Structure formats: structure tokens, C-alpha cells
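Visitor: Got a predicted model here, sequence first, then my questions.
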Amino acid sequence: MNQSHPIIIGETNTQFIDGDRSARYPKREEYVDSGIMFLNGESINRGTINKEAVNFITEQKYRDIKKGRIARNDILLTTRGNGIGDAAFVTSNDKGLINAQMLILRADNKDIYAKYLFYYITSNSLQNYILNFASGSAQRQIPIRDLKKIPIYLPKAQAQRNIAAILSAYDELIDNNQRRIALLEKMVEEIYREWFVRLRFPEHEKARIVKGMPEEWRFDEASKFFNLAKGRSYAAEELTDDTGHMPFINLKSFNRGGGYREDGLKYYSGQFKPEQVVYQNDVVMAVTDMTQDRAVIGQVARIPALGEKGAVISLDTVKLIPKNVHKTFLYAYMRYSGFANFIKEFANGANVLHLKPDLILQQKILISPIPLQNKFAQIVEPLYAEADMLGKANIQLGKMRAMLLPRLISGKLSVEHLNIQFPSGMEEAINT
């Protein structure tokens, strides 16, 4: 096939596989703690499946549903809802089903290498092209018939392999850093649980325990320890990819289960108030949720270094303003104490859940003395600093990858005759 002439993706051997929409479709009450993955848009993070963010169904439920089963080398595309256009590449043989908001693209590796197709779809130009097809007022969606009209340039097979190998090398570096970040965050969680759940904090032997908690600890309304600042309402046209504007923190900035998510960061070009700006180590909470299982509402994220100007928060979030509490301890408490699972039960709404800030401030929380909070912060803040440094490195790697991707896809950088060493496991993946 000649790269100078595009073809229509629907004319290739690529399969477009929809999820099941019958009466067998898994209901929320059928989810289990572990089992077969039932994927949704929130399960996609930086082009991969985030297994900590998936729902699970039983093996029997999986056997009952034949449609929408994933396989290794599949491309998962979110075609409805908040994450429309997000894509992930399946790198394992794990069983799983997609939900009704997703689509599977399955290349046969004869005319299109699957990993090349994934990178092609995730390029900015193709993402914009895809989003132009989005329609619907209540919930945006991309029909399969329109996806099949996407033009695609196909270089020779070796060039496709080389392009995929180059970009995969960047992804491996990013993934390695991401695993190190997760390990650092896990260390912080373990320290928090050891000190404030198991009560094995420094000099705990000297503490007097009254009714199951140290005597000096306070159990009081959240309003005694922090205030809340509401985020900014916005119009879609005020969000941009132009990094000259302020970074914008919205629901996509939260991982399911809490924590900050880099993927999909947008920038805000509208007006805002000073109290709607957050800086490094500030704590924000999601107060709106559109996920089926209330996975985001009530969760908190710690803001990494996003520049001296800070970032603007959306109306879907609130900023926690500490008083009589250390900010680092407050984040750990809100993240690991189970508060998010508790507070989300107060959310109301039909398709979109809302959590009133006043209800958050009325809840009672357990706070340890300031000196102990300070000791905790002294230990864990270096871990957060290292995680932020790795996050910055990933941002730079992502920018380099983003600059390379369109040049490779367009053929401006010729790679057909390069002798490229494939990243570990990729050669096997391409040929399966």
C-alpha cells in the first residue's frame, strides 16, 4: 500500500466489535471483588488498562456474554461519555469484557500492525478527527459507521513495525516510572496505616488509649480542620491543549480509588478567582461523578508540580483548605482512612451524582496531634517529592513522544530501513 494515498479503515481487515447491550449486561449489584475484568472508560489510563480501576464479574457471567470479549493486541476505544476518544492497547491475555461505552478494534496484523494502528488512532490529528464525529446532547457518542470512515496512511510492514518499536520504547520508560511512582505511593500508604490505623506510631507505648483511640486525638467535625473552596464552572470552548494557559483540574484528573491522574490534562482559557487556583501539594476532592459505580466521587488527589502559576479547579471539584491540620496528613487521611467510601453515600442525583460541600464539612473525622502529623510529613514528603520528579520526567517523555508520533505516522521521518531493537516482549506481541 502506498503511504501517499490514504485508505479508509473500514476497507481494511480491522474488526469493529461492540459490547453487549442485551438483558445479560452486568448490573452494578452483580459486580464482585475479584474475577473477570468488566472494563469501562475510567479503566483506561495513559493508553493502558489500569487494573486497579476496573470492575469485576464472575466467571459464570463472563461465560453468559459472548460479545465484547477482549484479546491480546486489541485496541479499546471509548465511544461514549466523558472519556470519549480515549484508547488503550491490550498487552496481556487476561480475560475481560467491555461495557456499552466502549468498542474493540481488532487488527489482523496482515495489512495493519495492531500497535501501529493504536498509535495512529492516539495521534492528535486522528483524535481531533474522531471527536468531530461525536454527536448527542445528553451523552456524546461516536457511531461505528463514522469510525469506519477514518482515513489511514499505511507505510510498508517494516516501517509500521519500526514506528511501533520507537514509540513503544518511550512507553516502556514511562511505564517504568509509573510503576516506581505507584511503589512510592504504596510506601506512604503503609506508613499511614502503621501509624494511624494500627496505632504503631512513634512512642505509641506511652500513649493512653481511651475508647479505642489515643487520648490526645480529636474526633470532631471536618469544618474544625479544613474549609472548602468551590471550583470554576466552564464552557467546553474554554478548554484547550494550548500549554500557554493554566492547567485545568477536573474529574479526569482523579484515579478511581484516589490520587492524581496525569492523562488527558487540559488547559483553561477563561476567567477564575484566586481561591479556585491550586498549587503543588494542595488537596482537591471530586464532588461530581458520572461513573456507574460511584468510583470517583469523594476521592481526593494531591496536586503535583504543575508550574509556578498553579492550576485551576473545575466546578466538579473542591479545594481543601487546611486549618489546625498538616496538609500532607490531611491528604493521607482523606485518601486512606475510608472517608471517600463513606462520604459518597451522601451523593444524590440520577445520571450525574453531586455531593454538597456542606455535607462534607459536617462529617466527623479523627485527627492526631500536630507534632505527630509533622513527623509523618517529614518522612513521607520526600517520597512524594521523588514521585513528583518521576512524574515530571514522564511529562517530558510524553512530550517527546507526542512530537515524534505525527512525524513518524506522516512519513516525514523515514524509518523503513532502520535496524531497530524491539522492546522486551513486543516482537512476540506483534507476531501473535
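Guide: Cool, the structure landed. Residues are numbered from 1 along each chain as shown.
Visitor: So, low pLDDT: which residues of the stretch 101-250 of the chain?
Guide: Confidence mapping of the stretch 101-250 of the chain against pLDDT under 70 gives the ranges 133, 135-139.
Visitor: Would you indicate which residues of stretch 91-111 are buried?
Guide: 91, 96-107, 109, 111 (16 or more other C-beta atoms under 10 Å). C-betas here are computed from N, CA, C, even on glycine.
Visitor: In helices, which of these fall?
Guide: Among the buried residues of stretch 91-111, no residue falls in helices (DSSP state H).
Visitor: Out of the residues you listed, which sit inside strands?
Guide: Among the buried residues of stretch 91-111, the members falling in strands (DSSP state E) are 96-98, 102-106.
Visitor: just the CA coordinates of the host helix or strand of Phe118, formatted as CSV?
Guide: Element membership for Phe118 (DSSP states H and E) is helix 114-122. Provided in CSV are the C-alpha atoms of helix 114-122 (Å, rounded to 0.1, in the frame of the first residue of the first chain):
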residue,chain,number,x,y,z
ALA,A,114,-2.1,-3.6,15.8
LYS,A,115,0.4,-1.4,17.7
TYR,A,116,0.9,0.9,14.7
LEU,A,117,-2.9,1.3,14.4
PHE,A,118,-3.1,2.1,18.1
TYR,A,119,-0.5,4.8,17.8
TYR,A,120,-2.2,6.1,14.7
ILE,A,121,-5.5,6.4,16.5
THR,A,122,-4.0,8.1,19.5
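Visitor: ok, so of the ones in strands among the buried residues of stretch 91-111, who is nearest Ser233?
Guide: Met102 (28.8 Å; C-beta to C-beta).
Visitor: ok, now how distant is the closest one from Thr122?
Guide: Met102 is 15 Å from Thr122, where distance means C-beta to C-beta, to the nearest Å.
Visitor: Please apply the same query to Ala23.
Guide: Where Thr122 is concerned, Ala23 sits at a distance of 34 Å (C-beta to C-beta).
Visitor: Please say which of these two ends up with more neighbours.
Guide: Neighbours were counted for Ala23 and for Thr122 using other C-beta atoms under 10 Å; Thr122 has more, 22 against 6.
Visitor: Beta-bridge partners for the closest residue to that one other than its chain neighbours, please?
Guide: Spatial nearest neighbour of Thr122, chain neighbours left out: Ala87 (5.3 Å); criterion: C-beta to C-beta, 6 or more residues apart in numbering. Ala87 has the following beta-bridge partners by DSSP bridges: Leu77.
Visitor: OK, contacts around Ala87?
Guide: 44, 47, 75-78, 118, 121-122 (C-beta atoms under 8 Å, 6 or more residues apart in numbering).
Visitor: Look up which helix or strand Leu361 falls in, please.
Guide: Under the assignment here (DSSP H and E), Leu361 is part of helix 357-362.
Visitor: roughly how far out does the following helix or strand past that helix sit from the chain middle?
Guide: Remark: after helix 357-362, the chain's next helix or strand is strand 364-367, criterion DSSP H and E. Remark: strand 364-367 is offset 29 Å from the chain centroid, using C-alpha atoms, centre = their mean, to the nearest Å.
Visitor: helices and strands around the helix or strand following strand 364-367, which ones?
Guide: Downstream of strand 364-367, the first helix or strand assigned by DSSP H and E is helix 370-410. Secondary-structure packing of helix 370-410 (3 or more C-beta pairs under 8 Å, 6 or more residues apart in numbering; DSSP states H and E): helix 114-122, helix 124-131, helix 157-196, helix 327-336.
Visitor: Turn those helices into JSON lines, columns for distance to Glu381.
Guide: Listed next are the helices and strands packed on helix 370-410 as JSON lines, based on distance: least, C-beta to C-beta, whole Å:
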{"stretch": "helix 114-122", "distance to Glu381": "35"}
{"stretch": "helix 124-131", "distance to Glu381": "36"}
{"stretch": "helix 157-196", "distance to Glu381": "9"}
{"stretch": "helix 327-336", "distance to Glu381": "6"}
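Visitor: Contact partners for Pro6?
Guide: Pro6 sits next to 151-153 when contact means C-beta under 8 Å, 6+ apart.
Visitor: Surely Tyr333 is in contact with Phe196?
Guide: Yes - at 7.3 Å, Tyr333 counts as touching Phe196 under the criterion of C-beta atoms under 8 Å.
Visitor: average pLDDT across stretch 267-275?
Guide: Average pLDDT, stretch 267-275: 92.
Visitor: Now do the phi/psi pair for the spatially most central residue of the chain.
Guide: Geometric centre of the chain, nearest residue: Asn45, 4.3 Å, by C-alpha atoms, centre = their mean. With angles defined as degrees, to the nearest 10, Asn45 sits at phi -140, psi 110.
Visitor: Can you tell me how far the residue nearest to Glu215 when sequence neighbours are not counted is from Asp175?
Guide: The shortest distance from Glu215 to any non-neighbouring residue, by C-beta to C-beta, 6+ apart, is to Arg208 (4.5 Å). From Arg208 across to Asp175, the span is 48 Å (C-beta to C-beta).
Visitor: The two: who's more crowded?
Guide: Asp175 (17 against 7).
Visitor: tell me the contacts of that one?
Guide: By C-beta under 8 Å, 6+ apart, the contact list for Asp175 reads Thr48.
Visitor: Distance of it relative to Asn394?
Guide: 9 Å.
Visitor: Equivalent analysis for Tyr113, please.
Guide: For Tyr113, the distance to Asn394 - C-beta to C-beta - is 25 Å.
Visitor: quick one: which of these two has more around it?
Guide: Comparing Tyr113 with Asn394 by neighbour count (other C-beta under 10 Å), the higher total belongs to Tyr113, at 24 against 20.
Visitor: can I assume that one is in contact with Ala157?
Guide: Yes - between Tyr113 and Ala157 a contact is recorded at 7.1 Å, counting by C-beta under 8 Å.
Visitor: Now for these two: what residues contact both?
Guide: The contact sets of Tyr113 and Ala157 do not overlap (C-beta under 8 Å, 6+ apart).
Visitor: just to revisit the earlier point, what's the helix holding Phe118 in contact with?
Guide: Under C-beta under 8 Å, 6+ apart, the answer for helix 114-122 is 14, 47, 73-75, 77, 87, 89, 105-107, 126-127, 130, 152-153, 160-161, 163-164, 167-168, 405, 408-409, 426, 429-430.
Visitor: And for stretch 335-342?
Guide: 189, 192-193, 196-197, 258-259, 297-300, 302, 333-334, 363, 365-366.
Visitor: Buried residues, that stretch. List them.
Guide: 335-337, 339-340.
Visitor: so which of these comes closest to Glu215?
Guide: For the buried residues of stretch 335-342, the nearest to Glu215 is Ser337 (19.5 Å; C-beta to C-beta).
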